[in-house]
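1. structure of the sequence below:
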Amino acid sequence: MNFFLSTDLCIGVNEALSVHEHLQSLGIAKPGIIYDASLSENLYFQDVLRNINACYANAVVYCNEFRGEPTYRHLENVAEFFRRELPDGLVAIGGGSTIDLGKGVALLLTNNVPALSLKGFPKDVSDPVPLVTVPSLLGSGAEVSYNAVFIDEDEGRKLGINSRKNFPKRSVIDPKLSMSAPMESVIASAMDSLVHCVDSFGSVKHTALSRIFSIEGFQRTFYALQQGQLDRAESRLDLALGSICGVTALMNSGDGPTNGFAYYVGVKHQVPHGLAGAIFLKEVMRYNVNKGYDKYALLNPARKEGASARESALELLEQMDALYCQLAIPNLVPYGYGKGNVAELASKASQALSGSFGGNPVEFNEESARVVIDALT
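-> Next comes the predicted model:
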């Protein structure tokens, strides 16, 4: 059994105000700062940035105004901006896309090659400059993972730069920084965490240790969403821990059909990744339970003593149904899908996502995809 997590974590209310101290402890003399444009009007973020600038008058600051998930072309442009200034470390403050951008830039600062040449799983690359991540949304897990998602515009596919050297040196997690995010973004990001937990739990490559993280991450995130009090710092901390647990489990096991579907539909229709995964999650789970997979019972935070695994798994699906109603998670109809193009989507998804389909705990093929998609139209 192998298990890894290579990022130092600092979690707490007001912790982001000490980012400059974390940079100093890492020996960074000239930091580059990448932050989400959406944070510009956030008063708390302004305090965070002011503290960094007070300590580092030479800091190089870049506001990421790119909408949606970054492309390799955008990564190349941002890397060129920082290559002219040559920072010896980076801070990425924002959602998963900005944090992924930070990972890509950190690697390109020490590897003077075209960004597209690093797509996939690059080998023989130099160590990146140290990266500190400060998430403003809690769910993607980008702040502690080595995966960095980028879109190849020519191919219309999400490919990413996935090197274990991408691991941030430190992640500073402060729930106050996420308080100004739109609630729909908070929910979509939290649903992304649920996808990570469920896919990793059922993955054919799971381990006993990865499942501990899958279960803890699912139950913390599920409870926070059920309570409907996401404006409280305590709930945001639960989302933060759920995010860390979910992506840690995913890195140490593998994904499944839900994550695969999210990649396909997200790129094709510019749907936020977390929401795209949420659309499919419940019906993929239902498909597996209908095929006899009852182990989701272990995810059920309200499992009754003496209940069978089958009963607990079905109860969890009922709770999922209620949660989806509560959060108004859409089906596929708003994105142009109906009964007439179920077969087409199932065919294209199964061709593009054979790896993700292969991670499912029960056999999952084109016909399986058709069943799931049909339930969503």
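
2. when you work out contacts or count neighbours from here on, use the C-alpha atoms and nothing else.
-> Noted.

3. can you give me the helices for the stretch 1-150 of the chain?
-> Assigned by DSSP state H, counting those that start in this stretch, the helices in the stretch 1-150 of the chain fall at 19-25, 43-55, 72-83, 96-108.

4. what's the most buried one of these?
-> Mean neighbours per residue, mean count of other Cα atoms under 10 Å, is largest over those for helix 96-108, with a mean of 28.

5. give me the residues contacting it.
-> Contacts to helix 96-108, defined as Cα atoms under 8 Å, 6 or more residues apart in numbering, come from residues 34-36, 64, 68-70, 75, 78-79, 82, 89-93, 115, 126-131, 133-135, 137, 140-143, 147-150, 161, 166-168.

6. now do stretch 180-190
-> With Cα under 8 Å, 6+ apart as the contact definition, stretch 180-190 has outside contacts at 42, 136-140, 221, 225, 239, 243, 272-275, 278, 327.

7. filter those residues down to the buried ones and hand me the PyMOL line.
-> PyMOL command restricting the contacts of stretch 180-190 to the buried ones, with burial defined by 16 or more other Cα atoms under 10 Å:
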select buried, resi 42+136+137+138+139+140+221+225+239+243+272+273+274+275+278
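
8. hmm, who's touching the lowest-mean-pLDDT helix or strand in the chain?
-> In the chain, the helix or strand scored least confidently by mean pLDDT, DSSP states H and E is strand 157-158, which has a mean of 76. With Cα under 8 Å, 6+ apart as the test, strand 157-158 has contacts from 149-152, 263-264, 267.

9. strand partners (parallel or antiparallel) of that strand?
-> Using DSSP bridges, strand 157-158 pairs in its sheet with strand 151-152 (antiparallel).

10. contact partners of the partner strand?
-> Applying Cα under 8 Å, 6+ apart, the set of residues contacting strand 151-152 from outside is 69-72, 116, 157-160.

11. okay if I get these as a markdown table plus distance to residue 336?
-> Formatted as a markdown table, the contacts of strand 151-152 follow (distance: Cα to Cα, whole Å):
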| residue | distance to residue 336 |
| --- | --- |
| 69 | 21 |
| 70 | 24 |
| 71 | 25 |
| 72 | 28 |
| 116 | 31 |
| 157 | 20 |
| 158 | 21 |
| 159 | 25 |
| 160 | 27 |
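
12. so which of those residues is the most crowded?
-> By neighbour count, taken as other Cα atoms under 10 Å, the most surrounded of those turns out to be residue 72 (25 neighbours).

13. name all residues that make contact with it.
-> Residue 72 is in contact with 115-116, 150-153, counting by Cα under 8 Å, 6+ apart.

14. check residue 202 too.
-> Shown in contact with residue 202 (Cα under 8 Å, 6+ apart): 256, 359-361.

15. now do 10 Å
-> Shown in contact with residue 202 (Cα atoms under 10 Å, 6 or more residues apart in numbering): 211, 214, 253-256, 285, 288, 293, 295-296, 359-362.

16. residue 308 contacts residue 300, correct?
-> No: assessed by Cα atoms under 10 Å, residue 308 is found out of contact with residue 300, at 12.0 Å.

17. between these two, which one's more packed in?
-> Remark: of residue 308 and residue 300, residue 300 carries more neighbours, 21 against 12, as counted by other Cα under 10 Å.

18. doesn't residue 209 fall inside a helix?
-> Yes: in this structure, residue 209 lies within a helix as judged by DSSP: H, G, I helix; E, B strand; the rest coil.

19. how about it: what's its closest non-neighbour residue?
-> The shortest distance from residue 209 to any non-neighbouring residue, by Cα to Cα, 6 or more residues apart in numbering, is to residue 3 (7.6 Å).

20. burial count for the one you found?
-> By other Cα under 10 Å, 12 other residues sit near residue 3.

21. list the residues that contact it.
-> Counting by Cα under 10 Å, 6+ apart, residue 3 has contacts 207, 209-210, 248-249, 251-253.

22. distance of residue 252 from residue 204?
-> Distance from residue 252 to residue 204, counting by Cα to Cα, to the nearest Å: 11 Å.

23. quick one: which of those two has more around it?
-> With neighbours defined as other Cα under 10 Å, residue 252 and residue 204 compare such that residue 252 has more, 21 against 17.

24. low-confidence stretches in the stretch 151-300 of the chain?
-> Along the stretch 151-300 of the chain, no part satisfies pLDDT under 70.

25. show me where it has strands.
-> 151-152, 157-158, 161-162, 170-173 (DSSP state E, counting those that start in this stretch).

26. dihedrals phi and psi, residue 358?
-> Phi and psi for residue 358, reported as degrees, to the nearest 10, are phi -70, psi -20.

27. what about it, how many neighbours?
-> As a burial measure, residue 358 scores 18 neighbours (other Cα under 10 Å).

28. test my guess that it contacts residue 199.
-> No: contact criterion Cα under 10 Å: residue 358 and residue 199 do not qualify, at 11.4 Å.

29. overlap in contacts, these two.
-> Contact criterion Cα under 10 Å, 6+ apart; residues shared by residue 358 and residue 199: 254-257.

30. output whichever strand or helix holds residue 344 as PDB, restricted to C-alpha atoms.
-> Assigned by DSSP states H and E, residue 344 belongs to helix 342-352. This file holds the C-alpha atoms of helix 342-352, laid out as PDB (Å, rounded to 0.1, in the frame of the first residue of the first chain):
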ATOM      1  CA  VAL A 342     -28.700  10.400 -25.200                       C
ATOM      2  CA  ALA A 343     -27.100   7.800 -27.400                       C
ATOM      3  CA  GLU A 344     -24.800  10.300 -29.000                       C
ATOM      4  CA  LEU A 345     -23.500  11.700 -25.700                       C
ATOM      5  CA  ALA A 346     -23.100   8.200 -24.300                       C
ATOM      6  CA  SER A 347     -21.000   7.100 -27.300                       C
ATOM      7  CA  LYS A 348     -18.800  10.200 -27.300                       C
ATOM      8  CA  ALA A 349     -18.300  10.100 -23.500                       C
ATOM      9  CA  SER A 350     -17.400   6.400 -23.500                       C
ATOM     10  CA  GLN A 351     -14.900   6.900 -26.200                       C
ATOM     11  CA  ALA A 352     -13.200   9.800 -24.500                       C
END
